[in-house]
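Trainee: Sharing a sequence plus its predicted fold:
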Amino acid sequence: MESTKEQDAEVLDEALALSSVGGDREFLAELVGLVQAAWPTLLADIRASMAGGDLPSLRRAGRLAKAAAHNVSARRAYDSALQLETAASMGDLRAALRARANLEQEVERLQLVLPTLVHPGPSL
């Protein structure tokens, strides 16, 4: 999956992420590391909750995914996690399945872009 500056901007808002930590790139790097490390567990919890039909657990996992996305200003992943949380709250497994697929796709994109927050490329 190839990444461009414009596509990266759609995945996360670098200026907002930096602003949310008061411009502290070192703290942002720590936050990015925590979020990157959390995604595999969050997605596994979402899959397990769906497989077991456990809507309360699915809703909680969606909320945690939403918080992780928010912490790094990843708007599209946040929106997908919100859709997942909402679908679970409404008991709509079909919508939750679509939201989970969208979230997994957004997390894949996000994982490619997050390192640029820590090590930004040269300005053109």
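Mentor: Done, it's in. Numbers count the residues shown, from 1 in each chain.
Trainee: now the strands for the protein?
Mentor: Taking DSSP state E as the criterion, the chain carries no strands.
Trainee: any idea where the helices of it begin and end?
Mentor: Using DSSP state H, the helices assigned to the chain run over residues 5-11, 14-20, 25-51, 55-71, 75-90, 93-118.
Trainee: other SSEs contacting the second one?
Mentor: In this case it means helix 14-20. helix 25-51, helix 93-118 (3 or more C-beta pairs under 8 Å, 6 or more residues apart in numbering; DSSP states H and E). The C-beta positions use only the backbone N, C-alpha and C, and glycine is treated the same way.
Trainee: Please put the alpha-carbon coordinates of it into CSV.
Mentor: Coordinates of each C-alpha in helix 14-20 appear next as CSV, following Å, rounded to 0.1, in the frame of the first residue of the first chain:
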residue,chain,number,x,y,z
GLU,A,14,-0.7,15.7,11.9
ALA,A,15,-1.1,19.3,13.0
LEU,A,16,-3.9,18.5,15.3
ALA,A,17,-2.0,15.5,16.7
LEU,A,18,1.0,17.7,17.5
SER,A,19,-1.2,20.5,18.8
SER,A,20,-3.0,18.1,21.1
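Trainee: Adding mean neighbour count, write the helices of the chain out as TSV.
Mentor: Below are the helices of the chain laid out as TSV (neighbours: other C-beta atoms under 10 Å):
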stretch	mean neighbour count
helix 5-11	14
helix 14-20	15
helix 25-51	16
helix 55-71	20
helix 75-90	21
helix 93-118	18
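Trainee: possible to save these as a markdown table with mean pLDDT?
Mentor: Shown next, in a markdown table, are those (pLDDT from 0 to 100):
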| stretch | mean pLDDT |
| --- | --- |
| helix 5-11 | 64 |
| helix 14-20 | 86 |
| helix 25-51 | 93 |
| helix 55-71 | 95 |
| helix 75-90 | 96 |
| helix 93-118 | 91 |
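Trainee: Ala99 is in contact with Ser80, isn't it?
Mentor: Yes: assessed by C-beta atoms under 8 Å, Ala99 is found in contact with Ser80 at 5.8 Å.
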